[in-house]
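*Asks:* Show me how the following folds:
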Amino acid sequence: MLATTETTPLYAVILIIHVLVALVGLVQVGVSFSELRRIEGASELKHLAPSTLQYFAAPAKVFSRILLLVPVTGVVLLASSQGKFQATQLWVMVSGALWFGAFALLEGGVFASERAVASALSGDSLDRKAARAGRISATGVLSLVGLAAILMVLQPGS
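*Replies:* So this is what the prediction gives:
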């Protein structure tokens, strides 16, 4: 968005926040993917690294939920674009829908799986099925966010 429009300093700052928030959230989703993959591939509980056990002992990850701020900062970007971008543009609507879809999949898929895995670990067992479901959900989250990012960069129809 920055390269295609004349901007104000406020717009530039909001765009930087928008991108940083997305990156922080994506890194956390990547960590979730990695830890769920470790659980899925573990043959026995004793083969898990202490860091993996500690990851699942913590509550749901706040940094993953930061992804919800991406569409919020996107709305602020629209408002500060001085009319260059509109909420009615197809790429804006589809990008927003993809972000909210990613967040829904994060909550309903990744976090639900993490809770199931954590519950199993607290009972000294592995829930590989939940870990697989969470890993697949994390892949979906990353894919949806990737598609949204492509749309936001290309801005088809603008």
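*Asks:* In the chain, what residue spans correspond to helices?
*Replies:* Using DSSP state H, the helices of the chain run over 9-41, 50-57, 62-65, 69-79, 90-105, 112-122, 128-154.
*Asks:* Low-confidence bits of this structure, can you list those?
*Replies:* 1-6, 59-61, 63 (pLDDT under 70).
*Asks:* please redo it, this time with the cut-off set to 80
*Replies:* Within the chain, the stretches with pLDDT under 80 are 1-7, 58-65, 158.
*Asks:* show me the contacts for L142.
*Replies:* Shown in contact with L142 (Cβ atoms under 8 Å, 6 or more residues apart in numbering): 26, 29-30, 33. All C-beta spots, glycine's among them, are computed from the backbone N, C-alpha and C.
*Asks:* what about it, distance to S158?
*Replies:* L142 sits 25 Å away from S158 when distances are taken as Cβ to Cβ, to the nearest Å.
*Asks:* show me what contacts V76?
*Replies:* I14.
*Asks:* Select only the buried ones of the contacts of L142 in PyMOL?
*Replies:* Only the buried entries of the contacts of L142 go into this PyMOL selection, using 16 or more other Cβ atoms under 10 Å:
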select buried, resi 26+29+33
